[in-house]
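> Sharing a sequence plus its predicted fold:
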Amino acid sequence: MVEIKISEIDRVFGHVKVDINLAMENIDVKLKITQVNRFIESIVVGKHYVEVPYIVARICGACSISHLLASIHAIEDALKITPPSDVKVMRRILHELQVIQNNALFLYLLALPDYLECKNIYELAKKHVKILKDALKLNSLCLKIIEEIAGRIVHPSRCTIGGFTKDIPIGKIRKFIALVKEMKKIALESIHLFTNLELPKFEETAKEYAALNTDEPYTFLEGKIKTSTGLEIEPKQYHTIIKEFSIPYSTSKICLLQGRPFYVGPRARLNTNWNKIPQEYKNLLNNVNIPIRNPFANITVKALEILYCIDDILNKLYELESKPHLKLRTSMMIEKREGEGIGVIEAPRGLLIHHYKFSKSGTIKYANIITPTCINSKHMEISTIDLVKKIIDVEGINTDIIEREVPKLIRSYDPCLPCATHAIKINVRIHR
Amino acid sequence: MPYIRGDYSLVKVYIDGIEVEVPPSYTILQAVNKIGVKIPTLCYFGEIYREASCRLCLVELENGKLVPACAYPIQDNLKVYTNTPRVRMTRRVVLELILAIHRIRCQSCPRKGGFCELLKLCNEYGVEGIPVCAECPLMGNDCFLTKGIPCLGPLTVAGCNAQCIIEGNACMGCRGPVTRRDVVEEAFKLYLKYNIPMSEVLSRMKMFWSSSPFYDHLTSLFSQFSLKYQGERHG
């Protein structure tokens, strides 16, 4: 019996280790998330709903806008508030900027060193300075626009229930357009790096995906949950198919779709929306079979998303520019009302669900947050088993190769472990 | 002035009623130090610098005169009081005047003073942070209280340049509370004036202050004031 223990996977957000147990016939893989628990779901219980978006945004520093918007959507759903169209467009721009920034961070700094045979980004900086400079430039341009729209780079303060707390003058939109054009230039220069990568040939066995779905090619903030098995349900009914379970060896929970592991994230978005995606983006992916079953292909798909989001932001900004003025500001009246709301959005790493119930005085009595890494963790384990099996078939039991390839696979999922460990004790209720 | 060799005549002074014999060349401060009573000083630096410019070492004489101890010469039978209410009040005003030309940020120092003598004295004399409301209007903001939103500006230590209020959010009190009774009383009156229920203010305070040792102090102050201003609410 051979045991392989990878004590820490580097270049991911947070801490995770992998135990691989090679018994005679079945291979046992345990993805042990060792990130410390955060108890965010318990912290929000008893707080007024107005404060909740700002607290839950602290779950993650990388995708704080996703958590903020998901919780705002949930609260708006509970209070039956429909924000004005300008607000919706601005939120979409904000979120897509975050998708670009997150994807760029993952692609250039976390994933690319694997494929250019560098140990880390410092080595990458020595060998390919241009790439690193492009990455940082793209990142800083994104953050610049985010700061102008939302007030802060991390944990934005201007997004609130019903809209924004501050108006954005039309003059600034013109400034944004110039910045986004610069971003597009950089992205087009370096996107071929990712689309022409030689990815390891590998196919996963867990073949279920779930993503939001509307008429548009990509949707991040609205739509129905669509799965690859053909289910299409309203976000409100998420609990009928998605169930959370605790596991003893990890500080994170796992999620199953009707009892089976499933994948959410860039590949799921692409696979479920493939027919609607314009040809110009499809051309970027050469030599792939649809649906894409290779987890390593997340890299190319994320590169495609960057380009799509930049184009989409440009279109939306042109739309906004032609308007006389933007209606973003909301009056922050605090109402006391009972309610239950669910917000489902596509975070950069996949489906993110926020679910709150509040009492008559407006205080939260139930909070449930399902993050993409929670959902993917089971899928990651199964893919790791597949990968180890494949390596053993080809190379025999070679621990060196396993130790090299497994972190690469986990990393291609881009897990965000601070998000995953937002709670261990779920369904906190106060009985009064 | 240096001690002159051969001058053995000593004079008697009474500091807070304690009799001390010192050479006539001494200042009050030197006499006070001899018996171990502490007088706060900022500008005094031994023999090198004693311009009496900070005025923190003020003491009261028998005739009611306030004089700087570091520069005032000893006389025979001088009666000095170092810790009367008037002295303490004056020192506090002096500290506030010194802080008036400091930036607000100095007083909400994240290191809570550290080695800073000025901030230690502020702590001792109860000169505390100014609330956010003091600097918020300077930034040209609208008041949230007038709209009925429980902003914690009147209770929170200033120094952030009212960042959240500029961004359009009501203050959440992340910089910690001002615990001075008169400031809390003014804040209470403001909430009363704009009909903001205290329960909402208290629940908002929980977000950052619930683990603070001042939280209980504030709630007890609030309950005192609610008794005091009960008549006004009905009237």
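It's in. Numbers count the residues shown, from 1 in each chain, chains lettered A, B, ... in the order given.

> what comes up buried for the strand or helix carrying A:M90?
Here A:M90, judged by DSSP states H and E, is contained in helix A:85-104. Neighbour-count burial for helix A:85-104, with 16 or more other CB atoms under 10 Å in any protein chain shown as criterion, is recorded at A:86-87, A:89-104. The C-beta positions use only the backbone N, C-alpha and C, and glycine is treated the same way.

> swap in stretch B:117-133?
For stretch B:117-133, by 16+ other CB under 10 Å, it's B:L118, B:L119, B:L121, B:C122, B:Y125, B:V127, B:E128, B:G129, B:I130, B:P131, B:V132, B:C133.

> Leaving out sequence neighbours, find the closest residue to residue 96.
I'll assume chain A. Of all residues beyond its chain neighbours, the one nearest A:E96 is A:C309 (4.1 Å), with distances taken as CB to CB, 6 or more residues apart in numbering or on different chains.

> oops, chain B please
The shortest distance from B:E96 to any non-neighbouring residue, by CB to CB, 6+ apart, is to B:V127 (5.7 Å).

> Can you pull the phi/psi pair for that neighbour?
Main-chain torsions, B:V127, degrees, to the nearest 10: phi -90, psi 110.

> so it touches B:V94, yeah?
No: taking CB atoms under 8 Å as the definition, B:V127 is not a contact partner of B:V94, at 9.6 Å.

> what are the ranges of the helices in the stretch 1-150 of chain A?
With DSSP state H, counting those that start in this stretch as the definition, the stretch 1-150 of chain A shows helices at residue ranges A:40-44, A:52-56, A:64-79, A:85-104, A:112-115, A:121-127, A:129-150.

> quick one: which of those helices is nearest B:K65?
Set against B:K65 and scored by CB to CB, those come closest in helix A:52-56, at 55.8 Å.

> Sort out which one of the buried residues of stretch B:117-133 lies nearest B:Y49 for me.
Checking the buried residues of stretch B:117-133 one by one against B:Y49 (CB to CB), the nearest turns out to be B:L118, at 16.7 Å.

> Which SSE is immediately downstream of the helix or strand hosting the closest one?
Per DSSP H and E, B:L118 falls inside helix B:117-125. Counting by DSSP H and E, the element after helix B:117-125 in chain order, helix or strand, is helix B:163-166.

> Residues touching that next one, excluding its own?
A:S157, B:V132, B:C136, B:M139, B:N141, B:F144, B:C151, B:G153, B:A170, B:C171, B:M172 (CB atoms under 8 Å, 6 or more residues apart in numbering or on different chains).

> thought A:E319 was touching A:V89?
Yes: between A:E319 and A:V89 there is a contact under CB under 8 Å: 6.9 Å.

> What residues does the stretch 51-200 of chain A have near chain B?
By CB under 8 Å from any CB of the partner chain, the residues of the stretch 51-200 of chain A that approach chain B are A:E51, A:Y54, A:I55, A:G151, A:R152, A:S157, A:R158, A:T160, A:F164, A:T165, A:K166.

> Just those: which are in helices?
A:Y54, A:I55 (DSSP state H).

> Filter the residues of the stretch 51-200 of chain A next to chain B down to the buried ones and hand me the ChimeraX line.
Selecting only the buried entries of those in ChimeraX, with 16+ other CB under 10 Å as the criterion:
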select /A:51,54,55,151,157,158,160,164,165,166
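
> what about the strands in the chain?
Looking at chain A here, since you left the chain open. For chain A, the strands defined by DSSP state E occupy A:2-6, A:16-22, A:27-33, A:159-160, A:163-164, A:210-213, A:224-227, A:232-233, A:242-246, A:253-257, A:339-347, A:350-358, A:364-370.

> try chain B instead
B:11-15, B:18-22, B:58-61, B:66-68, B:78-81.

> what about chain B, any weak spots by pLDDT?
Chain B contains residues with pLDDT under 70 at B:1-8, B:103-105, B:107-108, B:110-113, B:231-235.

> can you list the residues of it near chain A?
B:147-149, B:164, B:167-170, B:172, B:200, B:203-204, B:206-207.

> Columns neighbour count on top of these, output as JSON lines?
Compiled in JSON lines, the residues of chain B next to chain A are given as follows (neighbours: other CB atoms under 10 Å in any protein chain shown):
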{"residue": "B:K147", "neighbour count": "14"}
{"residue": "B:G148", "neighbour count": "15"}
{"residue": "B:I149", "neighbour count": "20"}
{"residue": "B:C164", "neighbour count": "25"}
{"residue": "B:E167", "neighbour count": "18"}
{"residue": "B:G168", "neighbour count": "20"}
{"residue": "B:N169", "neighbour count": "21"}
{"residue": "B:A170", "neighbour count": "21"}
{"residue": "B:M172", "neighbour count": "19"}
{"residue": "B:E200", "neighbour count": "19"}
{"residue": "B:S203", "neighbour count": "19"}
{"residue": "B:R204", "neighbour count": "24"}
{"residue": "B:K206", "neighbour count": "15"}
{"residue": "B:M207", "neighbour count": "17"}
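
> quick revisit: pick the most buried one from the helices of the stretch 1-150 of chain A.
The highest average neighbour count among these, using mean count of other CB atoms under 10 Å in any protein chain shown, belongs to helix A:64-79 at a mean of 25.

> what angle sits between that one and helix A:85-104?
If you take axes from the mean of the first three to the mean of the last three CA atoms, to 10 degrees, helix A:64-79 sits at 150 degrees to helix A:85-104.

> Output the contacting helices and strands for helix A:64-79.
For helix A:64-79, the elements it packs on are helix A:52-56, helix A:85-104, strand A:159-160, strand A:339-347, strand A:350-358, judged by 3 or more CB pairs under 8 Å, 6 or more residues apart in numbering or on different chains; DSSP states H and E.

> Let's see that with 6 Å instead.
When contacts are defined as 3 or more CB pairs under 6 Å, 6 or more residues apart in numbering or on different chains; DSSP states H and E, helix A:64-79 sits against helix A:52-56, helix A:85-104, strand A:339-347, strand A:350-358.

> tell me the phi and psi of the one residue in chain B that gets nearest to chain A?
Going by CB to the nearest CB, chain A is nearest to B:G168 of chain B, at 2.7 Å. The phi/psi pair for B:G168 (degrees, to the nearest 10) reads phi 100, psi 10.

> For the nearest residue to A:A150 once chain neighbours are set aside, give its distance to A:R91.
Spatial nearest neighbour of A:A150, chain neighbours left out: A:P156 (3.2 Å); criterion: CB to CB, 6+ apart. Distance of A:P156 to A:R91, given as CB to CB, to the nearest Å: 11 Å.

> Equivalent analysis for B:D76, please.
Counting by CB to CB, the gap from B:D76 to A:R91 is 81 Å.

> and what of A:E148?
15 Å.

> now do B:C109
The gap separating B:C109 from A:R91 is 38 Å, by CB to CB.

> Repeat that for A:I375.
Applying CB to CB, one obtains 23 Å for the distance of A:I375 from A:R91.

> And B:C116, by the same measure?
Remark: distance between B:C116 and A:R91 (CB to CB) = 45 Å.

> Tell me how many other residues surround the residue nearest to A:A150.
By other CB atoms under 10 Å in any protein chain shown, the residues close to A:P156 number 24.

> What of B:N141?
16.

> Same check on A:E403?
If you count neighbours by other CB under 10 Å, A:E403 ends up with 14.

> Quick check: pLDDT value at it.
On the pLDDT scale, A:E403 is placed at 88.

> tell me the contacts of A:T300?
Neighbouring residues of A:T300 by CB atoms under 6 Å, 6 or more residues apart in numbering or on different chains: A:F194, A:T195, A:L285.

> Excluding chain neighbours, what is closest to the closest residue to chain B within chain A?
Chain B sits closest to A:T165 of chain A, with a gap of 2.7 Å, by CB to the nearest CB. Of all residues not flanking A:T165 in the chain, B:G168 sits nearest, at 2.7 Å (CB to CB, 6+ apart).
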